[in-house]
Every structure is written in structure tokens, then in C-alpha cells.
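K.L.:
the following comprises the amino acid sequence and a computationally predicted model.
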Amino acid sequence: MKRRVVVTGLGLVTPVGNSVEDSWRALVAGTSGAARITHFDPSNLDAQFACEVKGFDPLAWMDRKEAKRMDGFCHYAMAATQQAVQDAGLAGGFPDPATTGVIIASGVGGIQTFEEQCGIFLTKGPGRVSPFFVPMFIPNMAAGLVSMKFGLQGPNYCTVSACASSAHAIGEAFRLIEDGDTDMMIAGGAEAAITGLAMAGFGNMKALSTRNESPATASRPFDKDRDGFVMGEGAGIAVLESIESAQRRGARIICEVAGYGMTADAYHMTAPAPEHRVAQQAMRTAARNAGVRLEDIGYINAHGTATPLGDVAETQAVKAVFGEALARKLVFGSTKSMTGHLLGASGGLEFAICALVVSRGVIPPTINYSTPDPDCDLDCAPNRAAQRDVRVAMSNSFGFGGHNVSLIAKRFEA
């Protein structure tokens, strides 16, 4: 018999705040996290801005020796996880570490470390490459470090599926608990890919906005004048557990994880399939697995990256799945307008936003919406938060390679 799975803790490190509450306040207020890049000199790049994490001190979460042996994506993962563990009331320890696991995704892992060490290799030779290069670079290290931090001995791995990575992580954690293989999981994603090499790569693909004169208005999902996504970074982590586990320890339940659907386009390396035809099945599967009617879904946190093709395809997919009438009743918004695109961490962050929407009754806006696009004509809560009693929310994540994931967060009802 399938078990019900609930969320009891959340942790966020984002371009608009270094905690859940700070991030949530900024999102509801419609605050942009975009500005000129400070991590390095971006002057030779076409896109010279991004949504960086600001004012983050890894030493608030770990000692100096640990910090020096971790890439930035692990710094963010460790901070967000410690927040989530505290939020879940587990700071004093886990009931059964042997049945508690960790799945923390990253789309690219330690790319800053890779860049730095590659430069050292090319200019100073192999003898100067750090012995910590490999453990700092590999994307599974965030999950490994979290398990070591808390002594968790259950399933432990990293999902890597580009921008769908952390949505897969949460979905797989959900299934492990639902099937009775574990009682509790820490799941989500982390990314720190605002580097010269990554920005050049995405920029040369013409995937990034180049509104250097106005970074705060550059990420404009569904707007007719959108010109690409804005790079973001950070981490989104959730504590998932069976309802029996949560009730045994008297935990506060934020929401229920109710559905998970995943498919593959089998179409193109980077472009979405027309009308996101296969992504439609991921949405239908998630709703069916959740046991909810489509009319119950009041909010979709869109993948919504502000690319010309992607936003149209996702809008068409939602209309195809829900039908025109139902699609026009829900809010189909993109918080990437404020946070930018966190790549492999985006699904973790956006699922956390869905969890907060169903528990708090407020939908963050899609900012920078000024020129309507007739091909993206659904309600995106333009420029202002929407007060809405949402019982069920869906989070969509689509990754290069044709990876599609939909997750369902539902208000908890005993």
C-alpha cells in the first residue's frame, strides 16, 4: 500500500534571500535578484548580469577548513539543508538515520572549481592541480556531505538532468518514501554556475538575455519582448517524510507531496518539442498519481524561463492538458522573473514555492510583464502577488536533453 508523503521542513538560499522567510517576502513583493555580476569581471561577455546570491557567508554554516574544501554549490546545499533540518524540528537528531536518505541534485556540479583548476593545469602543470579537485567538482558531493553531516545512512545520490535535476530529486525521494523503502528523505538541489565559462557557453547559444542596461527588468517570462533567461544560483531543499513518521514525532506539516510525473521528449538537445507534447504527459501523470482533478489545481509554477520558444510551448502544453476554460482559471506564473534560472536547483526552489503557496494562500507575481504576447495569454499574476486560496499546486521543470518533470504539492488534510 502506498504511503502518504509530507513536507516538514524547507531551506532556501536564493538570489532574493538567504532563508525561506527572506526569500518568500522578496518574492511576494516582486523583488528582482538580477544585477551586474560581481563574482568576476564580466566585461567581455554579451550578458554581463545574473541573479547572484548576495551576502552569503559559508562560515555561518561550516568551519573554515570545511568551506575551503567545498565548491560554492556545496556551500549553498549545506546551508539550505541545515535550515530545512531545523525547520523540520530535527536539529536535535533524526529518529532513525538508517532509514533516512539524501538526494541533492546539481546540473553541473562544481564548475567554478573546474574552471580554476583547469587554468592551473594549463598554466602551471599537473603537479599543481589540487588533490581536492575531484571531490570538490563532482555533483554528487553535496548529497554525500549532507549525509556525513547528519549521519544519514539511507539512499544517497545525485540526480543530474539539467534543469529538471532537483525536480527529479524530489520526485525520487517521494517515491522511496511512498513505497516504504525509507521513512524520511532530504531532497532538492544546489547550483553555483555563475562563472565566466558557463555564462559564455549559455551566451553563445543565444539563450541568455542581454539587457545589460537594465538587469532588474531582463527576466520577463511570457512577455512579448522576452529575449532569454537570466542565470541564477542557490539551493532549495525539503525534508520529506511519511505521514506516520511526521505524526509520530508531532512535526508541523507544511504540505503533502502528492504526485510526480516524468517523461522524455526524444526530440532535440536543447529545443522543446512542439507544444511540449511529451511534457503534457508528465503533467497528466503527476495529477493522476496525486488523485486530484485538473480543476483542483489553482497554481502552476511554470518552467517559464523567458525564452521565445519555451514559454510558448509550455503555454500550449498547459492549454492542451487543462483545456482552454480550466487553463484560464488558474495562475500560470514564473518566479524565474525574480530569481533567474537556477538550472539544476530550480526545481527544488520552485517546489518549495508551491509548498508555501498552498500553505499560505498567496501566489508570487511574474514581474517585468509589460507587453502581452498573444501566444502566452494565461494569467501569470502579472507584476503583483495574487491572494488565492490554492489547495493544489503544480511545479514544472524541463531540462536540456528533453527531460520533463511535474510535481504536485497539496494542502495537507489529515
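P.N.:
Looks like it arrived, so ask away.
K.L.:
list the buried ones in the strand or helix carrying residue 319?
P.N.:
Remark: residue 319 resides in helix 308-327, with elements defined by DSSP states H and E. Of the residues in helix 308-327, those scored as buried under the neighbour-count criterion (16 or more other Cβ atoms under 10 Å) are 310-322, 327. Heads up, the C-betas are built off the backbone N, CA and C, glycines and all.
K.L.:
which members of those are the farthest-apart pair?
P.N.:
Using Cβ to Cβ, the two most remote members of the buried residues of helix 308-327 are 310 and 322, lying 18.4 Å apart.
K.L.:
quick one, strands of the stretch 151-300 of the chain?
P.N.:
Ranges of strands within the stretch 151-300 of the chain are 156-157, 184-191, 234-242, 255-264, 297-301, based on DSSP state E, counting those that start in this stretch.
K.L.:
just the ones you listed: most buried one?
P.N.:
Scoring those by mean neighbour count under mean count of other Cβ atoms under 10 Å gives strand 184-191 as the most buried, with a mean of 34.
K.L.:
which neighbours in the sheet does that strand have, and how are they oriented?
P.N.:
When pairing is defined by DSSP bridges, strand 184-191 lines up against strand 100-105 (parallel), strand 234-242 (antiparallel).
K.L.:
show me what the helix or strand following the helix holding residue 319 is packed against.
P.N.:
Scanning forward in sequence from helix 308-327 by DSSP H and E, the next helix or strand is strand 331-333. Contacting strand 331-333 under the criterion 3 or more Cβ pairs under 8 Å, 6 or more residues apart in numbering; DSSP states H and E are the following elements: strand 297-301.
K.L.:
so the nearest residue to residue 244 once chain neighbours are set aside is in which element?
P.N.:
Taking Cβ to Cβ, 6 or more residues apart in numbering as the measure, residue 244 lies nearest to residue 3, with 7.1 Å between them; neighbours along the chain are not counted. In the assignment (DSSP H and E), residue 3 maps to no helix and no strand.
K.L.:
show me the residue at the heart of the chain, geometrically.
P.N.:
Here the mean C-alpha position of the chain is nearest to the C-alpha of residue 346 (Cα atoms, centre = their mean), at a distance of 2.1 Å.
K.L.:
need the pLDDT of residue 272.
P.N.:
In the predicted model, residue 272 carries a pLDDT score of 85.
K.L.:
hang on, the earlier thing: tell me how many other residues crowd the closest residue to the residue nearest to the centre of the chain other than its chain neighbours.
P.N.:
Of all residues beyond its chain neighbours, the one nearest residue 346 is residue 163 (5.8 Å), with distances taken as Cβ to Cβ, 6+ apart. Counted with other Cβ atoms under 10 Å, residues neighbouring residue 163 total 26.
K.L.:
who does residue 163 bridge with?
P.N.:
For residue 163, the beta-bridge assignment (DSSP bridges) gives partners residue 161.
K.L.:
and it, how close does it get to residue 202?
P.N.:
Distance of residue 163 to residue 202, computed by Cβ to Cβ, to the nearest Å: 11 Å.
K.L.:
ok so, going back, report the inter-axis angle for the helix holding residue 319 versus strand 297-301.
P.N.:
170 degrees (axes from the mean of the first three to the mean of the last three Cα atoms, to 10 degrees).
K.L.:
now for helix 308-327, which elements pack on it?
P.N.:
On a contact count with 3+ Cβ pairs under 8 Å, 6+ apart, helix 308-327 meets helix 277-290, strand 392-399.
K.L.:
so which of the ones you listed comes closest to residue 167?
P.N.:
Proximity of the helices and strands packed on helix 308-327 to residue 167 was assessed by Cβ to Cβ; the nearest stretch is strand 392-399, lying at 3.7 Å.
K.L.:
which of the residues in the closest one are buried?
P.N.:
Buried residues in strand 392-399, defined by neighbour count with 16+ other Cβ under 10 Å: 392, 393, 394, 395, 396, 397, 398, 399.
K.L.:
could I get those residues as CSV with pLDDT?
P.N.:
Formatted as CSV, the entries for those read as follows, by pLDDT from 0 to 100:
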residue, pLDDT
392, 98
393, 98
394, 98
395, 98
396, 98
397, 98
398, 96
399, 95
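K.L.:
hmm, back to that, export the strands paired with strand 184-191 to a markdown table and tack on distance to residue 381 and mean pLDDT?
P.N.:
Conversion of the strands paired with strand 184-191 to a markdown table gives the following (distance: least, Cβ to Cβ, whole Å; pLDDT from 0 to 100):
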| stretch | distance to residue 381 | mean pLDDT |
| --- | --- | --- |
| strand 100-105 | 27 | 98 |
| strand 234-242 | 20 | 98 |
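K.L.:
got the ones you listed as JSON lines, with distance to residue 275 columns?
P.N.:
Supplementary listing: the strands paired with strand 184-191 in JSON lines, determined by distance: least, Cβ to Cβ, whole Å:
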{"stretch": "strand 100-105", "distance to residue 275": "27"}
{"stretch": "strand 234-242", "distance to residue 275": "28"}
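K.L.:
residue 58 is nearest to which of the ones you listed?
P.N.:
Ranking these by distance to residue 58, with Cβ to Cβ as the measure, places strand 234-242 first at 11.9 Å.
K.L.:
re earlier: can you verify my assumption that the residue nearest to residue 346 contacts residue 402?
P.N.:
No. Under the criterion of Cβ atoms under 8 Å, residue 163 makes no contact with residue 402, lying 11.2 Å away.
K.L.:
isn't residue 286 right up against residue 409?
P.N.:
No. In this structure, residue 286 is not within contact of residue 409 by Cβ under 8 Å, at 10.3 Å.
K.L.:
now the helices and strands packed on helix 308-327 in TSV, with distance to residue 191?
P.N.:
Below are the helices and strands packed on helix 308-327 laid out as TSV (distance: least, Cβ to Cβ, whole Å):
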stretch	distance to residue 191
helix 277-290	22
strand 392-399	12
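K.L.:
which stretch among the ones you listed comes nearest residue 231?
P.N.:
Among the helices and strands packed on helix 308-327, strand 392-399 sits nearest to residue 231 (Cβ to Cβ), with 15.1 Å.
K.L.:
with that, I have no additional questions.
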